[in-house]
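Student: Here is the input, now give the coordinates:
(one chain, ligands or ions: 3)
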Amino acid sequence: MSHYLMVETHGDPLGAIRQVLKSIWSNAKLEFVLAPTNGSPEVIQSPNIVHLPDALDSFNPFKPLMTSNTAKYLPEILQRTEAQSMGVLLRPCEMRALLGMEKNYHLHTKNLLTIAFDCLGTYPLEDYYWRTERKGSPDQLTQESIQFARQGGIVPYRFRSACQVCQSPSSDDAHVNFAVIGLPIRQHIMIILREKSFENLLVGNGLTIKVAEQKVIDDHRLIVAKVNERNQRVRERIRQGMADVLPMSFEALVEAFSKCGDCQKCMLVCPTCALHMPIRSASGGYLLEEIVKWAESCGGCGMCDQVCPRHQPLSTFFAYLRDQLDQENLLSNIPSKSSLVN
Ligand code: SF4
Ligand code: SF4
Ligand code: SF4
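Tutor: Ligands and ions are numbered 1, 2, ... in the order given. Next up, the predicted model:
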């Protein structure tokens, strides 16, 4: 059962997060951490294997840029490493992709400590360039995002299309989840632990950490729910606006892939496909069950959209088709009238 803690930040939420991360590293005896190069000024955000906790002093989970999915690198690292304990820092869409890989493709993550952060949204690369230039630095651009954490982020239509339809910008699925949405983060943030016993990971960081007040938990949940509802409405608007071009079923999506030839660019950037490439039939078409499994495992990061030469909004198709599957599951779980009577 999840355990909710609040951490006083004394006006420096990023500093507090880095301090907590270092204590987690030391208490979990991590041998290395896979972290995106988020604090650095580079605009290509390739994940790095970090061997020293002090390297996290520049880590910035709220930098509004995402150019690769960190979870994509995990299958190979997990297969090669002999480490007894390693960590990974993830956005919620990356965490969802990892869960999809565990559930649908049996990825073994035994020695992996997952740490996820609320996401305040990310810009398309070209927007990121001019916004950083206008603000002066990536850190100042980040500060703009952080300012709006309490409201759930800044005006969403500026973000990448995947962020506008994001299933949820918050996660409680990682071992340790840092929550900032809906909270006055210059005073405190929240840490959601997957199990109470993980409290041991936070010992010795010099910060004041206590059990979260119910109001703090409720404020976070309320704003996350509002963001999720808003994103759901955007998905529905896209569906209505693109009804004549969106594949409205998995069969139609498989048919749409038949026009792609041997491209596979979307698959080469996708974490799920790093573990398992969708299988094709002898005639070259993709098998329906392979595409269904891929869509079910998709975390919605939108990396595929960014590389598609045909400008196919694949993450939006998948989100829509997942909504359909959820609806079907919901309907199939509603008891029939006769069973209610009985
Ligand atoms: S898809 Fe969601 S979690 Fe991923 S970068 Fe966008 S807002 Fe963040
Ligand atoms: S299909 Fe696209 S949106 Fe989904 S996890 Fe793969 S790259 Fe991300
Ligand atoms: S990147 Fe676009 S064109 Fe290429 S296989 Fe994927 S959906 Fe098709």
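Student: Now do the helices in this structure.
Tutor: 13-27, 74-80, 92-105, 125-135, 138-147, 161-164, 214-241, 250-257, 265-268, 271-275, 288-297, 303-307, 314-333, 337-341 (DSSP state H).
Student: out of those, which comes closest to ligand 3?
Tutor: With C-beta to the nearest ligand atom as the measure, helix 265-268 is the member of the helices of the chain nearest ligand 3 (3.2 Å). All C-beta atoms are positioned from the backbone trio N, CA, C, and that covers glycine.
Student: helices or strands next to that closest one in the packing?
Tutor: helix 303-307 (3 or more C-beta pairs under 8 Å, 6 or more residues apart in numbering; DSSP states H and E).
Student: buried set for stretch 300-320?
Tutor: For stretch 300-320, burial by neighbour count (16 or more other C-beta atoms under 10 Å) applies to 300-306, 312-320.
Student: ignore the last one, stretch 271-286
Tutor: In stretch 271-286, counting by 16+ other C-beta under 10 Å, buried: 271-276, 278, 286.
Student: What degree of burial does Pro92 show, as a neighbour count?
Tutor: Using other C-beta atoms under 10 Å, Pro92 is surrounded by 25 other residues.
Student: same check, this time on Lys210
Tutor: Neighbours around Lys210, by other C-beta under 10 Å: 10.
Student: Roughly how far does the nearest residue to it once chain neighbours are set aside sit from Thr109?
Tutor: Spatially, and ignoring its direct neighbours in sequence, Lys210 is nearest to Met6 (6.2 Å; C-beta to C-beta, 6 or more residues apart in numbering). Applying C-beta to C-beta, to the nearest Å, the value for Met6 to Thr109 is 28 Å.
Student: Which residue would be the closest one in the stretch 101-250 of the chain to ligand 2?
Tutor: Ala162 (6.1 Å).
Student: Excluding sequence neighbours, find me the nearest residue to that residue.
Tutor: Gly302 is the one closest to Ala162 (C-beta to C-beta, 6+ apart), at 2.3 Å.
Student: show me what contacts the one you found?
Tutor: In this structure, Gly302 makes contact with 66, 93, 160-163, 315, judged by C-beta atoms under 8 Å, 6 or more residues apart in numbering.
Student: Can you add distance to Ile209 and give those back as JSON lines?
Tutor: Listed next are the contacts of Gly302 as JSON lines, based on distance: C-beta to C-beta, whole Å:
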{"residue": "Met66", "distance to Ile209": "29"}
{"residue": "Cys93", "distance to Ile209": "27"}
{"residue": "Arg160", "distance to Ile209": "33"}
{"residue": "Ser161", "distance to Ile209": "37"}
{"residue": "Ala162", "distance to Ile209": "33"}
{"residue": "Cys163", "distance to Ile209": "30"}
{"residue": "Ser315", "distance to Ile209": "36"}
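Student: Scan these and report the most crowded one.
Tutor: Neighbour counts for the contacts of Gly302 (other C-beta under 10 Å) peak at Cys93, which has 29 neighbours.
Student: pretty sure that residue contacts Cys119?
Tutor: Yes - counting by C-beta atoms under 8 Å, Cys93 does reach Cys119; the two are 7.4 Å apart.
Student: Between the two, which contacts overlap?
Tutor: In contact with both Cys93 and Cys119: Cys166, using C-beta under 8 Å, 6+ apart.
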